[in-house]
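Enquirer: sharing a model that was predicted from the sequence below.
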Amino acid sequence: MNMGRLSSAALMLSGVAAIADPKGVAAALHLTVGDARGVTETRAGLGGTYAALGGWALVSREPAADVAVGVTWLGAAAVRVAARQADRPPLTASYWAYLGLEVTCGVASLASALARRRGAGQAVRRGAAGAAR
């Protein structure tokens, strides 16, 4: 399977998890959900956003879909690293696991986008060469 598609599936499934179990996802992320509105915001903000973006990228053939997923993952990784200075979260195994996943999935999606663009360019060149014969 294409690594970009795996990255998109991971993003989508993290969103589906937040839709299905917003309290569980909030707890795993050390977020406090104090009332029904907090549950709804977790479900919509984390769940709906990630499920929609990941799902769109899975069905799209456009390199831009992989770019969007990759930038989302890498944006999360960049903020996680920057937040070390501001927030000083404990460096637990889950902190490093999330960071590793974000970087790996982000790079995989961007590499997939680049490969798709190269493939599309080669197909256009082959078509033009065939038409010239």
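Expert: Received it, and whenever you're ready, just let me know what you need. Quantities reported herein were computed from a predicted structural model and do not represent experimental measurements.

Enquirer: got the contact list for the helix or strand hosting residue 79?
Expert: Element membership of residue 79, judged by DSSP states H and E, is helix 63-87. Outside helix 63-87, the residues that touch it by Cβ atoms under 8 Å, 6 or more residues apart in numbering are 4, 7-8, 11, 50, 53-54, 56-57, 89, 95, 98-99, 101-103, 105-110, 112-114, 116-117, 120. Where you see a C-beta, it was placed from the backbone N, CA and C, and this is true even at glycine.

Enquirer: mind checking the backbone torsions on residue 33?
Expert: With angles defined as degrees, to the nearest 10, residue 33 sits at phi -120, psi 100.

Enquirer: for it, which non-adjacent residue is closest in space?
Expert: residue 26 (4.5 Å; Cβ to Cβ, 6 or more residues apart in numbering).

Enquirer: quick one: that neighbour and residue 3, what's the gap?
Expert: Distance from residue 26 to residue 3, counting by Cβ to Cβ, to the nearest Å: 29 Å.

Enquirer: neighbour count: the two, which is higher?
Expert: Counted by other Cβ atoms under 10 Å, residue 26 and residue 3 do not tie: residue 26 has more neighbours, with 19 against 16.

Enquirer: so the more buried one makes contact with residue 40?
Expert: No. Judged on Cβ atoms under 8 Å, residue 26 makes no contact with residue 40 at a distance of 11.5 Å.

Enquirer: name the residues contacting each of these two.
Expert: Residues touching both residue 26 and residue 40 (Cβ under 8 Å, 6+ apart): there are none.

Enquirer: tell me the mean pLDDT over the helix holding residue 79?
Expert: Across helix 63-87, the average pLDDT comes to 95.

Enquirer: now stretch 111-123
Expert: Rounded mean pLDDT across stretch 111-123 is 80.

Enquirer: then stretch 42-50?
Expert: 94.

Enquirer: contact partners of it?
Expert: Identification of contacts with stretch 42-50 by Cβ under 8 Å, 6+ apart yields 11-12, 14-20, 22-23, 25-26, 31, 33, 72.

Enquirer: quick one: buried residues of that stretch?
Expert: 42, 43, 46, 47, 50 (16 or more other Cβ atoms under 10 Å).
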